[in-house]
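Enquirer: Predicted model and sequence follow; I will ask about them next.
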Amino acid sequence: MTVLSAEEVSVVLGPGVRVLKSVSLAPAPGEVTGLIGPNGAGKTTLLNAMAGLLEPEQGRVLCDGQPLKDISRQQRGREIAYLEQDTQCHWPLTVERMVMLGRTPYLRPFRGESAEDHARVADAMTQCDVVQFAERNVLTLSGGERARAMLARALTVEPKVLLADEPTAGLDPYHQLHVMELLRERAQAGTAIVVVLHDLTLAARFCDRVCVLSEGEVAADGTPADVFAGDVVPNVYGVTTSTGTHDGQTYVIPWRRLPPKGLSD
Amino acid sequence: MSERDRFPLLVPLMSVSVIGALFASFVIGPADIPVADLFAQLLEGGDTPEALIAREIRLPRALLGALVGGVLGLAGAALQGFLRNPLAEPGIVGASAGAAFGAVVAIYFGLAAVFPLALPLLGMAGALTVVAIIYVLAGRDASVLTLILAGLALNSFAGSLTALALNMAPSPRAALEIAFWLLGSLSDRSLDHLYLAAPFIVLGSVLIFANGRALDALSLGERTAASMGINMNALRFRVVVGTAIAVGAAVSVSGAIAFVGLVVPHLIRPLVGHRPSQLLIASALGGALLLLVADIGVRLIPTYQELKLGVVTGLLGAPFFLVILLRTGRATR
């Protein structure tokens, strides 16, 4: 039973700019769903619609069978965690304080944090391997450290769904793998995860399912083996790819740009 | 949490200091009246000179000092948190300029001379007009940038109208009166001023105080805050309208008092671990303390004409602010 599903969602941003055209996506609990596609394909817009941050013109987003817009903001924040691309903290808070912000959907005004809040923060920080930075100023963290701290922030609500927008952007290979492993662990604990990725090999290796967006439409949706086997990726990205297997897992390497396809359209 | 452990007594200590400063502000003044007499006469009522000084001069001045300073510190902290910009100060929503213009109108047309409360009343009207215009111009879905630019434009427009009033002043005396009022002061205010401003200051402050958690969440940006259940439209409304109402009321009775709203949050921020929610109350207390002390200062510094409070806060505030900037350097960002 899916918790969150986008059903034939269309989003228009400004006159004549249709960013999503009838896109459906229902991430399954316990699975990592990779959302891939070229720049401007509508990946972030789809995540925003699924997080309730923008209202689709057509179609609907359902959460626990109810339209997402009918659910209180707070309830939505408890069920769906949204990890914005390259989140920055604007004040030099300690890492622990910053992670505690993730508990916002549970915090009451003028009241301190409960033991439960502190326990969840400690769990999330342990899971994401940032306990050793607890007292550090969040602005002094390196990219890899910050990515994990931000992920810990999103996990403090123990969300049913995690929407992560390019959590590996700007990270070195070691930290990219680390973040993807953390997402996999989280999925094994039952969370439905949607992750926007540009690295096709990460998508092939760590996702149970890959959805390819192109110009606001779903170009392919299936297991990595199916999606990467066909011509979809070369067509959508306009690149040739080299694929193979290593340790029984698929890898995909973009190799050469194809000539612009506008001529035949 | 470490930052709470570091300064667990910050708020209690500051509260005690504010009470101490209130007491000092009440007992210090040009008329040399023993402290015990002052309190006795205040409680007794009556029409002796001492009772009048206690009730009509010292008490309103001390209470207004705490209220006006507190609201400037509070609004500065809220706006800096809301805009995530340490340069924000309460004036940017335009209400102070509106309040100042309203008050200047009262002086210009001689209304203030006939009916003293015309000045703060018109000041309030000016502030509320600006709030209304910002909301009509910007609408409820306006971006933060639109709101700020609208505030800036109104600030500038109200400032120009004030300048026009000075330019066209009916007499040099009126021009001087306007110019002096604009410098900001708490002298010669009565309990009526307090009764007039206090409800708006309290209402605005309540609107601002309600945003602690939201301002904390906003540290991570608008989208992330919204994803965590923060209602951004409600937050924007409470911060902007709350500031405009509270600061507009404060400026209506005190005139423009420079720098408190900008400096105080900066001074306090490191002491509360840079948390926007914790900064609200601490910055309010800091603003109250600073203004009370500065206002005691203007009474003690012997000049042939009393120094205006706004002059002192600016004179002390700006160099102090520069020192802080140089010392903290990168931490302020």
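Expert: Noted; the coordinates are in hand. Numbering: from 1, shown residues only, chains lettered A, B, ... in the order given.
Enquirer: Get me the contact residues on chain B for chain A.
Expert: Neighbours of chain A within chain B, by C-beta under 8 Å from any C-beta of the partner chain: B:1-3, B:84, B:210, B:212-213, B:216-221, B:223-231, B:269, B:273-276, B:331, B:333. From N, CA and C alone the C-beta is placed, and that goes for glycine too.
Enquirer: Which secondary structure state does the residue in the stretch 151-265 of chain A positioned nearest to chain B sit in?
Expert: Using C-beta to the nearest C-beta, the closest approach of the stretch 151-265 of chain A to chain B is made by A:Arg153 at 7.4 Å. Here A:Arg153 is helix, with the state taken from DSSP: H, G, I helix; E, B strand; the rest coil.
Enquirer: Quick check: the gap between the one residue in the stretch 1-150 of chain B that gets nearest to chain A and B:Gly273.
Expert: Relative to chain A, the nearest point of the stretch 1-150 of chain B is B:Arg84 (4.1 Å; C-beta to the nearest C-beta). Relative to B:Gly273, B:Arg84 is positioned 16 Å away (C-beta to C-beta, to the nearest Å).
Enquirer: PyMOL command for the buried members of the residues of chain B next to chain A?
Expert: This is the PyMOL syntax for the buried subset of the residues of chain B next to chain A, where burial follows 16 or more other C-beta atoms under 10 Å in any protein chain shown:
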select buried, chain B and resi 1+3+84+210+212+213+216+217+218+219+220+221+223+224+225+226+227+228+229+230+269+273+274+275+276
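Enquirer: mind listing which of the residues of chain B next to chain A are in helices?
Expert: Judged by DSSP state H, these include B:2-3, B:212-213, B:216-217, B:223-227, B:276 as members of helices.
Enquirer: Identify the residues contacting stretch B:98-108?
Expert: Residues outside stretch B:98-108 that contact it (C-beta atoms under 8 Å, 6 or more residues apart in numbering or on different chains) are B:111-112, B:118-131, B:154, B:158-159, B:161-162, B:165-166, B:169-170, B:174, B:177-178, B:181-182, B:247-249, B:251-252, B:255-256.
Enquirer: tell me the contacts of the residue of the stretch 151-265 of chain A closest to chain B?
Expert: So A:Arg153 contacts A:87, A:98-99, A:101-102, A:124, B:220 (C-beta under 8 Å, 6+ apart).
Enquirer: For these, please prepare TSV with the additional fields pLDDT, distance to A:Val236 and secondary structure.
Expert: Converted to TSV, those look like this (pLDDT from 0 to 100; distance: C-beta to C-beta, whole Å; DSSP: H, G, I helix; E, B strand; the rest coil):
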residue	pLDDT	distance to A:Val236	secondary structure
A:Thr87	91	27	coil
A:Met98	97	36	helix
A:Val99	97	36	helix
A:Leu101	97	36	helix
A:Gly102	97	34	helix
A:Ala124	96	35	helix
B:Leu220	96	32	helix
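Enquirer: Show me which of the residues you listed are buried.
Expert: A:87, A:98-99, A:101-102, A:124, B:220.
Enquirer: where along the stretch 151-265 of chain A do the helices fall?
Expert: Taking DSSP state H, counting those that start in this stretch as the criterion, the stretch 151-265 of chain A contains helices spanning A:173-188, A:200-206, A:224-229, A:232-237.
Enquirer: Flag every buried residue along the third one.
Expert: Judged by neighbour count (16+ other C-beta under 10 Å), helix A:224-229 contains these buried residues: A:224, A:227-228.
Enquirer: just checking, B:Ile201 is part of a helix?
Expert: Yes: remark: B:Ile201 belongs to a helix, assigned using three-state DSSP.
Enquirer: if I pick it, what's in contact with it?
Expert: Applying C-beta under 8 Å, 6+ apart, we find B:Ile201 in contact with B:67-68, B:71, B:246, B:249-250.
Enquirer: Could you report the distance from it to chain A?
Expert: For B:Ile201, the distance to chain A equals 20 Å [C-beta to the nearest C-beta, to the nearest Å].
Enquirer: Show the low-confidence segments of the stretch 1-150 of chain A, by residue range.
Expert: For the stretch 1-150 of chain A, residues meeting the criterion pLDDT under 70 lie at A:1.
Enquirer: Please report phi then psi for A:Gly238.
Expert: Torsion angles at A:Gly238 (phi, psi; degrees, to the nearest 10) stand at phi 70, psi 30.
Enquirer: so how many other residues sit close to it?
Expert: By other C-beta atoms under 10 Å in any protein chain shown, 14 other residues sit near A:Gly238.
Enquirer: So for it, what's the pLDDT?
Expert: Among the per-residue scores, A:Gly238 shows a pLDDT of 94.
Enquirer: Okay, A:Arg108 and A:Pro234: tell me how far apart.
Expert: Plainly put, A:Arg108 is 53 Å away from A:Pro234 if you go by C-beta to C-beta.
Enquirer: between the two, who's got more neighbours?
Expert: Shown here are A:Arg108 and A:Pro234; by other C-beta under 10 Å, A:Pro234 has more neighbours (15 against 9).
Enquirer: so who does that one touch?
Expert: Contacts for A:Pro234 were tallied using C-beta under 8 Å, 6+ apart; they are A:240-241, A:258.
Enquirer: would a markdown table of those with neighbour count and distance to A:Pro173 be doable?
Expert: A markdown table is the format used below for those (neighbours: other C-beta atoms under 10 Å in any protein chain shown; distance: C-beta to C-beta, whole Å):
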| residue | neighbour count | distance to A:Pro173 |
| --- | --- | --- |
| A:Thr240 | 13 | 23 |
| A:Thr241 | 16 | 19 |
| A:Leu258 | 11 | 26 |
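Enquirer: Filter these down to the ones in strands?
Expert: Taking DSSP state E, the ones among those that sit in strands are A:240-241.
Enquirer: who's in contact with B:Phe320?
Expert: Applying C-beta under 8 Å, 6+ apart to B:Phe320 gives the contacts B:Val263.
Enquirer: Same question for B:Gln80.
Expert: Here B:Gln80 is in contact with B:86-89, B:265, B:276 (C-beta under 8 Å, 6+ apart).
Enquirer: cool, and B:Arg55?
Expert: By C-beta under 8 Å, 6+ apart, B:Arg55 lies in contact with B:41-42, B:45, B:191.
Enquirer: Go through the residues you listed and name the one nearest A:Leu177.
Expert: B:Leu191 (69.5 Å; C-beta to C-beta).
Enquirer: of all the residues in chain A, which ones are close to chain B?
Expert: Listed as neighbours of chain B in chain A under the rule C-beta under 8 Å from any C-beta: A:48, A:51-53, A:72-78, A:80-82, A:84, A:87-94, A:96-98, A:101-102, A:104-105, A:107-110, A:135, A:139, A:153.
Enquirer: swap the cut-off to 6 Å and go again
Expert: Within chain A, the positions near chain B by C-beta under 6 Å from any C-beta of the partner chain are A:51, A:53, A:73-74, A:77, A:82, A:84, A:87, A:89-93, A:101, A:104-105, A:107, A:109, A:135.
Enquirer: hmm, which of those are the buried ones?
Expert: Buried residues within the residues of chain A next to chain B, counting neighbours by 16+ other C-beta under 10 Å: A:51, A:53, A:73-74, A:77, A:82, A:84, A:87, A:89-93, A:101, A:104-105, A:107.
Enquirer: How about the backbone phi and psi for the closest residue in space to A:Asn48 that isn't next to it in sequence?
Expert: Of all residues not flanking A:Asn48 in the chain, A:Leu54 sits nearest, at 4.9 Å (C-beta to C-beta, 6 or more residues apart in numbering or on different chains). Per-residue torsions, A:Leu54: phi -140, psi 150 (degrees, to the nearest 10).
Enquirer: I appreciate the help and will end here.
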